[in-house]
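K.L.:
Only the shape, not the letters, is given here:
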Ligand code: SF4
């Protein structure tokens, strides 16, 4: 793809910096301090779940915890609370693995579930826009900030967590890490090993909000108005 | 529009700010809340100084190798199916974006909040080619409907109250509801949803570009940047050339500093990294992605003593800490970049002619420098600006000239200059009584006429002068 005006632009920067252009050989230095590694260092997964639970209060997010057997029940309660009829989910083998697909099957009288289907093109976005609830699995979960990370792909559209009225993240306990540091490092290492990062990586921390009107916090401005995290042991 | 937001003389702008009671009250309570949030976060971490040091190191290294990292970024964006355009000037940037709009025959453009597009006056340029431009950040949308410039980087419509917002919605959009913030926001949501879905092109700024992968990181609470990048088929990102980090690891550190320093949040609700165009079979995200890298005067700052001003990550912590901003509000700076950072970079980008008062809109109390998460020595830059204005440009407003002559001679002594954090008090000494400034010099005069100003703490000018005389005599 095209790159325009680069050489003159960068030559000028080098000359302002008083040296020749650097086109190779620049190494990141060893930073003198790395405070980001100290946060929740050495905590167990269960301790991280506690951190996450506590922070959910700050980010206006409902926190629930269950095991695989209990997931269907918790999901059902949450959907009822959200008056969720039309549901959109990513296409992910974990729905089957965690028994969610079976649950949807049982509830098919009550629930209209759309699984993201790239063959349908933009229709997916339209469904997401009308949906009551969007559900995704978290790929990496940041305990400190209460953030779910979603690597968006052709089977996991960005719209699922963005357009529906409410949002549910299913969080396998094993996906918990202390903070964004570990997620960023994971992506950096993959990139360094020659893997491409997904075209979209979303870090989602609770529902959409704004403080633009007289500094009053309003939850739910453009994205979902409510969010629930379900941690599965 | 450009960096400059109007033609009203400086003193009138200050008077206007001082007389706007709602604005002053809103600004001061916002400052209080933002500041408390930042301090709580810093305290909770326990090692905030380490974080700041790391932030500063990252910014210094990146700026010193800016050509290298921009090259890497452009290679990666292009490899991932995006187009990159390097724009020397605002006109070049606008021209490039206009051409895309024309080629796409785009009717509707949705934008996520971006300072750099304000700076280059992009909205006007797009309207010239017949596109309707919709700001999607709630605060920006309010201002757009009201044709008013922003007064704060993080909460642009801070100066407006909910009754004013209700009126604007009623007048411009036929709104009939109440003035509760929830109802107003729900109305905006409904209106803007339609715009997102109908837009041909999305335009965003860039919080941090990541050189190693060619990703653009956007940090918002509302999720509007996500809408703007997920839904339209063409997305154009405009970035100031300095908004770049080497890898995801540094992005993470700077985002953590940004959200904590800005509003005291651990992370905002949405942080999105967009890399190039969408892949095969993907539905969301742009089919066509353009990155416009803007210089517009920034390169003049590189290699100078002001280089660290380019380290700014636009968190507004300095603005939230500034006692002058508290009194006069953002519009008084006549720049889209208000507060201490605005007073430092506006004259650098646009020259002193129109902005020579700005470096004087400071008490030199150093609260800004202390607040800055990447340790930009803001008040030292302000002192240096004053020196230059007095010495080289001979442009000091007459009231300051006298004072600054002595001040400049004094400030040019390096050992004293390095103690500049403590200099505010002596510099303002002659106008200080019982710790308050009653009838301050130059621009300070305009607001001390209305109210007293807390004098910076430290040794007073009188005691310093006395001491100095005594020392001299005893030798
Ligand atoms: S100068 Fe520092 S404190 Fe001010 S906006 Fe920039 S990064 Fe934030």
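P.N.:
In hand now; what should we look at? This one's a predicted model, so the numbers in the text were calculated from it and none came from an experiment.
K.L.:
and the end-to-end length of stretch A:11-24?
P.N.:
End-to-end distance for stretch A:11-24: 14 Å, by C-alpha to C-alpha, to the nearest Å.
K.L.:
Strands along chain A, start to end?
P.N.:
A:3-4, A:61-66, A:86-89, A:112-115, A:133-137, A:140-142, A:147-152, A:166-172, A:176-177, A:200-204, A:209-210, A:218-219, A:226-232 (DSSP state E).
K.L.:
Take those strands and lay them out in TSV including mean neighbour count and distance to residue A:187.
P.N.:
Heads up, the C-betas are built off the backbone N, CA and C, glycines and all. Rendered in TSV, the data for the strands of chain A read as follows (neighbours: other C-beta atoms under 10 Å in any protein chain shown; distance: least, C-beta to C-beta, whole Å):
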stretch	mean neighbour count	distance to residue A:187
strand A:3-4	16	24
strand A:61-66	19	24
strand A:86-89	23	24
strand A:112-115	18	26
strand A:133-137	26	17
strand A:140-142	24	9
strand A:147-152	24	9
strand A:166-172	24	19
strand A:176-177	22	12
strand A:200-204	26	7
strand A:209-210	26	26
strand A:218-219	22	29
strand A:226-232	24	22
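K.L.:
Any idea which of those gets closest to residue B:87?
P.N.:
strand A:3-4 (9.1 Å; C-beta to C-beta).
K.L.:
what sits up against that closest one?
P.N.:
B:74-75, B:78, B:83-86, B:96 (C-beta atoms under 8 Å, 6 or more residues apart in numbering or on different chains).
K.L.:
restrict the residues you listed to those near the ligand?
P.N.:
For the ligand, no contacts are drawn from the contacts of strand A:3-4 by C-beta under 6 Å from any ligand atom.
K.L.:
follow-up on the earlier one: mind checking which of the strands of chain A is nearest the ligand?
P.N.:
Nearest to the ligand among the strands of chain A is strand A:209-210; the distance by C-beta to the nearest ligand atom comes to 20.0 Å.
K.L.:
Can you list the strands that the closest one pairs with?
P.N.:
strand A:218-219 (antiparallel) (DSSP bridges).
K.L.:
Looking at the strands of chain A, which is nearest to residue B:296?
P.N.:
Closest among the strands of chain A, using C-beta to C-beta: strand A:3-4, at 16.4 Å.
K.L.:
related to what we said a few turns ago, which one of the contacts of strand A:3-4 is nearest to the ligand?
P.N.:
With C-beta to the nearest ligand atom as the yardstick, the closest approach to the ligand among those comes from residue B:86, at 23.7 Å.
K.L.:
and that closest one, which of the three is it?
P.N.:
strand (DSSP: H, G, I helix; E, B strand; the rest coil).
K.L.:
Same check on residue B:102?
P.N.:
Per three-state DSSP, residue B:102 ends up helix.
K.L.:
and the gap between the residue nearest to it when sequence neighbours are not counted and residue A:33?
P.N.:
In this structure, residue B:102 finds its nearest non-sequential neighbour in residue B:129, 5.6 Å apart by C-beta to C-beta, 6 or more residues apart in numbering or on different chains. Distance, residue B:129 to residue A:33, by C-beta to C-beta, to the nearest Å: 49 Å.
K.L.:
ditto for residue B:118
P.N.:
The value you get for residue B:118 to residue A:33, if C-beta to C-beta is used, is 35 Å.
K.L.:
Same check on residue A:210?
P.N.:
34 Å.
K.L.:
now do residue A:64
P.N.:
38 Å.
K.L.:
So what's the residue count around residue B:216?
P.N.:
Applying other C-beta atoms under 10 Å in any protein chain shown, we find 27 residues neighbouring residue B:216.
K.L.:
I'd guess it is in a helix, am I close?
P.N.:
No: Residue B:216 sits outside any helix when classified using three-state DSSP, being strand.
K.L.:
Tell me the one of the contacts of strand A:3-4 nearest residue B:232?
P.N.:
Looking across the contacts of strand A:3-4 and measuring by C-beta to C-beta, the closest to residue B:232 is residue B:83, at 15.5 Å.
K.L.:
Show residues contacting the one helix or strand the closest one maps to.
P.N.:
Using DSSP states H and E, residue B:83 sits within strand B:82-87. Applying C-beta under 8 Å, 6+ apart, the contact partners of strand B:82-87 are A:1-6, A:8-10, B:70, B:73-74, B:77-78, B:93, B:96, B:214, B:276-277, B:288-296.
K.L.:
So which of those residues sit within helices?
P.N.:
Judged by DSSP state H, the contacts of strand B:82-87 include A:6, A:8-10, B:70, B:73-74, B:77-78, B:93, B:96 as members of helices.
K.L.:
Show the average pLDDT along stretch B:40-48.
P.N.:
Stretch B:40-48 shows an average pLDDT of 79 in the prediction.
K.L.:
What about contact with chain A: does that stretch have any residue there?
P.N.:
Yes: contact between stretch B:40-48 and chain A, assessed by C-beta under 8 Å from any C-beta of the partner chain, occurs at B:45, B:47.
K.L.:
In ChimeraX, how would I select just the buried ones from the contacts of strand A:3-4?
P.N.:
This is how ChimeraX selects the buried members of the contacts of strand A:3-4, with burial counted by 16 or more other C-beta atoms under 10 Å in any protein chain shown:
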select /B:74,78,83,84,85,86,96
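K.L.:
would you turn the contacts of strand A:3-4 into TSV with pLDDT?
P.N.:
Formatted as TSV, the contacts of strand A:3-4 follow (pLDDT from 0 to 100):
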residue	pLDDT
B:74	98
B:75	98
B:78	98
B:83	98
B:84	98
B:85	98
B:86	98
B:96	98
